[in-house]
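K.L.:
Fold the stuff below for me.
(one chain, ligands or ions: 1)
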Amino acid sequence: MAKVAVVGLGGMGSRIARRLIDAGHELTVWNRTREKAEPLGVPIAASPADAAARSEVVITMVADPHALEAVTEGSDGVAAGAAPETTVIDMSTVGPEAVKRLAAVLKAGLLDAPVLGSLSEAETGTLHIFVGGERELYERRRELLSVLGTPLHVGPTGSGASAKLVANTTLVDVIAVLGEALALAEAIGLSREAAFDVLATTAIGDQAERRRPALESGQFPPRFPLRLARKDADLIAEQGLDLRVTDAARSWLQDAADDDQDYSAVLLTILKGAATRR
Ligand SMILES: NC(=O)c1ccc[n+]([C@@H]2O[C@H](COP(=O)([O-])OP(=O)(O)OC[C@H]3O[C@@H](n4cnc5c(N)ncnc54)[C@H](OP(=O)(O)O)[C@@H]3O)[C@@H](O)[C@H]2O)c1
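P.N.:
Residues are numbered from 1 along each chain as shown. Just a heads-up that it's a prediction; the model follows:
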């Protein structure tokens, strides 16, 4: 069993920490808001640097590139505390540039390992984990990552972050496609039920079925908050390509107001917004 630090105990990080504790690893944790660390019942480090100094492996799981810089750089940051033989595993979705920046400040080994799957997958250890970094380091940490889900080595440092942007392009695009198909159905006189029956026969049939209960109940319990989906669409846009479908999906996410609602609530924004052009 390894000495592991988890830095960042939001929705995902707290569940990751819990699984590692339950698997018998020796955990130290740190979170900007200390109260979120207390329920885990394990030692709370004084700073990210302190957490790193106590551990063989440091997992960072924070919101965005700015948060990653805040917990890894400076005298209190992970980089200051992590020895060369330590492995830092960044599981946040931050894009390849932030991973490059992190690699430049670390003496420790680095794997970038963002995840596909949400709160329930983190709880049950069924995440898909896209890992970038040296293969030998990946092999050394594969067993630990397997507690959290299915790791997939996708290439050198930064490749995990790139893989996650590719996966999330499909996520934000498909939800927008579904919203627009439903908006069209509504505007041209098809009942919602008939629309779902039709969509079940199409390429987005699974996605339509998955979102149907939330649309019918009007309840979108937060799993993957809108603010994070918008951040991911921004990271994709920052790559500077002419991705017109993703740009359109991003504009719907920007119009959706409630940051802490689940990102799928963008369907309501599209249903309301699409009709305003008429
Ligand atoms: N939720 C999902 O379904 C899901 C799925 C796959 C991937 N992800 C990715 O996983 C990462 C974490 O997501 P999450 O759902 O756990 O987010 P979250 O619940 O919003 O937690 C964000 C974490 O980042 C910390 N943080 C934010 N800004 C900070 C700063 N300036 N300095 C230090 N710490 C800061 C927060 O600390 P405080 O507690 O002090 O605010 C918290 O620990 C994100 O990159 C997200 O895109 C999320």
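K.L.:
okay, now the closest residue to the ligand within the stretch 1-150 of the chain: neighbour count?
P.N.:
Ranked by CB to the nearest ligand atom, the top residue of the stretch 1-150 of the chain for proximity to the ligand is residue 10, at 1.8 Å. Using the backbone N, CA and C atoms, a C-beta is placed for each residue, glycine as well. When counting by other CB atoms under 10 Å, one arrives at 18 neighbours for residue 10.
K.L.:
need the contact list for the residue of the chain most remote from its centre.
P.N.:
Residue distances from the centre of the chain (CA atoms, centre = their mean) peak at residue 189, which lies 37.5 Å from the mean C-alpha position. Contact criterion CB atoms under 8 Å, 6 or more residues apart in numbering gives no residues in contact with residue 189.
K.L.:
likewise the one 5 residues further on?
P.N.:
Residues near residue 194 by CB under 8 Å, 6+ apart: residue 185.
K.L.:
so how far is residue 37 from the residue of the stretch 1-150 of the chain closest to the ligand?
P.N.:
Computed with CB to CB, to the nearest Å, the distance linking residue 10 and residue 37 is 11 Å.
K.L.:
Name the residues contacting each of those two.
P.N.:
The overlap between the contact sets of residue 10 and residue 37 (CB under 8 Å, 6+ apart) consists of residue 31.
K.L.:
which residue sits closest to residue 52, ignoring its sequence neighbours?
P.N.:
Spatial nearest neighbour of residue 52, chain neighbours left out: residue 81 (3.5 Å); criterion: CB to CB, 6 or more residues apart in numbering.
K.L.:
give the contact list for that neighbour.
P.N.:
Residue 81 makes contacts with 47, 48, 49, 50, 51, 52, 53, as judged by CB under 8 Å, 6+ apart.
K.L.:
mind putting these in a markdown table, secondary structure included?
P.N.:
Compiled in a markdown table, those are given as follows (DSSP: H, G, I helix; E, B strand; the rest coil):
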| residue | secondary structure |
| --- | --- |
| 47 | coil |
| 48 | helix |
| 49 | helix |
| 50 | helix |
| 51 | helix |
| 52 | helix |
| 53 | helix |
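K.L.:
any idea which of those is closest to residue 237?
P.N.:
Taking CB to CB as the measure, residue 237 sits nearest to residue 48 out of these, at 28.9 Å.
K.L.:
can you give me the helices for the stretch 151-278 of the chain?
P.N.:
With helices called from DSSP state H, counting those that start in this stretch, the stretch 151-278 of the chain shows them at 159-187, 192-199, 205-217, 226-237, 244-255, 266-274.
K.L.:
and if you look at the stretch 1-150 of the chain?
P.N.:
In the stretch 1-150 of the chain, the helices defined using DSSP H, counting those that start in this stretch lie at 11-22, 48-53, 65-72, 78-81, 96-105, 119-124, 135-146.
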